[in-house]
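In: give the three-dimensional model of this entry:
(one chain, ligands or ions: 1)
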Amino acid sequence: MKAYISIDMEGVCGIVREIETDPKKGGDAYQQSRHLMTQEANAAIEGCIKGGATEVLIADSHWNFDNLVPEELHEAATLLRGTPRGLSMMQGLDASYDAALFVGYHARAGTPRAILDHTYSGTIAAIRVNGTEVGETGINAYPAGHQGVPVVLVTGDRAVTAEAKALIPNVHTVAVKDATGATSARNLHPKKAREQIRAEATKAIQGAKSIPPIRAKTPIEMIIEFRGTYAADARR
Ligand SMILES: [Zn+2]
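Out: Residues are numbered from 1 along each chain as shown. This is a model prediction of the structure:
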């Protein structure tokens, strides 16, 4: 049983402001976030192992993909770290995996009461796949589904868990914080959040077969709506 974890930072318990996720300007706040992220990663890894996973690959999927503290990471996992990565937040996932887990994820751009909601870049207003608006959860769940791999757990704020449930039937979720605005939230204690992630990851791995891989019907129509004409023109 092989598990794949894609981990972002904005949805980690205790993190609410962009500066806390910024490796260049974040200073001590960013360093604290790295530890919070690594501990949440460990909770998910432990949950996977308890649920029956014999191999865990974790893809650091925030900013330059080099946030997790390798020395602190649970030794049962292999760490995918750094750039470039052609498949970005899903690099390394193939059909040999039995389940994918998204940890520390955030809601798509334009979601009300969601911590640091965005879709890849601040210049993107919305992405639609076959007419359905998707965030990073959807954009990453589709290539997993294409490989026949179900996304079994999504963790982050309450908003991203709602987004995941609307897209993926039977997906397990853990809401580690409840946003009152884009940069303000009520947070669980990090230890409580990790307990829930650990327990839910175990259940999600054990029940992986009851969660369908989601596939976009082909031919896929993907529309990217930018916030401004300059950003759209730059991508022609
Ligand atoms: Zn991120």
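In: give me the neighbour count for the residue in the chain positioned nearest to the ion.
Out: Residue nearest to the ion within the chain (CB to the ion): residue 62, separated by 3.7 Å. Every C-beta, even on glycine, is put in place using the N, C-alpha and C of the backbone. A count of nearby residues for residue 62, using other CB atoms under 10 Å, gives 23.
In: let's see the pLDDT reported for it.
Out: For residue 62, the pLDDT comes out at 97.
In: does it count as helix, strand or coil?
Out: Under DSSP: H, G, I helix; E, B strand; the rest coil, residue 62 falls in the coil class.
In: could you find the closest non-adjacent residue to it?
Out: residue 9 (4.0 Å; CB to CB, 6 or more residues apart in numbering).
In: show me what contacts the one you found?
Out: By CB atoms under 8 Å, 6 or more residues apart in numbering, the contact set of residue 9 is 15, 21, 33, 37, 62-63, 67, 104.
In: give me the secondary structure label for it.
Out: At residue 9 the chain is in coil, as set by three-state DSSP.
In: state the phi and psi torsions of it.
Out: Backbone torsions for residue 9, taken as degrees, to the nearest 10, come to phi -110, psi -30.
In: give me the neighbour count for residue 226.
Out: So residue 226, with other CB under 10 Å, has 16 neighbours.
In: ok, now which ones touch it?
Out: Counted by CB under 8 Å, 6+ apart, residue 226 has contacts 123-125, 232, 235.
In: for residue 152, same thing?
Out: Taking CB under 8 Å, 6+ apart as the test, what residue 152 contacts is 99-101, 171-172, 204-205, 207-208, 211.
In: might one say that the residue of the chain closest to the ion is in contact with residue 21?
Out: Yes - using CB atoms under 8 Å, residue 62 is in contact with residue 21, at 6.7 Å.
In: shared neighbours of these two, which are they?
Out: 9-10.
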